[in-house]
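>>> sequence and predicted structure, then a few things I'm wondering about:
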Amino acid sequence: MPHTTQPNTFTPADLSRPTASLIAGIRLTSRIVAIGGDPVGETGYNWHLFPDGAATFDDGSGGYYYVCNSEVRDTMIPDSGGVSSIHFGPTGEILDAYRILEGSNSNCAGGPTPWGTW
């Protein structure tokens, strides 16, 4: 296969302008959407503690779901582990947040499967 040149779509970060403790590439922005123990936006759902493995999934309507494990161990805070999700709309607005798995603990790593599931 012949080599082709693709345009550079990544722009390096400007290290002089950190945003929310994150150094983002030029023209990229960041925001904090969830802090363990605090409500997610206006949803009323408190985000889980010790977030770990995460992935995003297309919602089929231009938005997406952010899915994230909680690595809480049962010896730390019984029955507080599991997996939570934040549903974002097409422009990044938070539509909803909720737990999608409860009654588990030590949920380490995680991510999408080749079949598009968690």
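Now that the structure is in, tell me what you want to look at.
>>> tell me the centre residue of the protein?
With distances taken as CA atoms, centre = their mean, Y66 lies nearest the centre of the chain, 4.4 Å away.
>>> list the helices and strands the least confident helix or strand in the chain by mean pLDDT packs on?
None of the helices or strands of the chain scores lower by mean pLDDT, DSSP states H and E than strand 51-58, at a mean of 91. On a contact count with 3 or more CB pairs under 8 Å, 6 or more residues apart in numbering; DSSP states H and E, strand 51-58 meets strand 64-70. C-beta here means a position set from N, CA and C on the backbone, and glycine is covered the same way.
>>> partners of the strand it packs on in the sheet?
If you go by DSSP bridges, strand 64-70 pairs up with strand 51-58 (antiparallel), strand 82-88 (antiparallel).
>>> show me the shaky parts of this protein.
1-21, 23-24, 78-79 (pLDDT under 70).
>>> cutoff 80 now
Scanning the chain for pLDDT under 80 picks out the ranges 1-29, 73-81, 105-111, 116-118.
>>> that older thread, just say which of the strands paired with strand 64-70 is most tucked in.
strand 82-88 (a mean of 20; mean count of other CB atoms under 10 Å).
>>> I'd like the next helix or strand past that one.
The helix or strand immediately downstream of strand 82-88 is strand 94-101, counting by DSSP states H and E.
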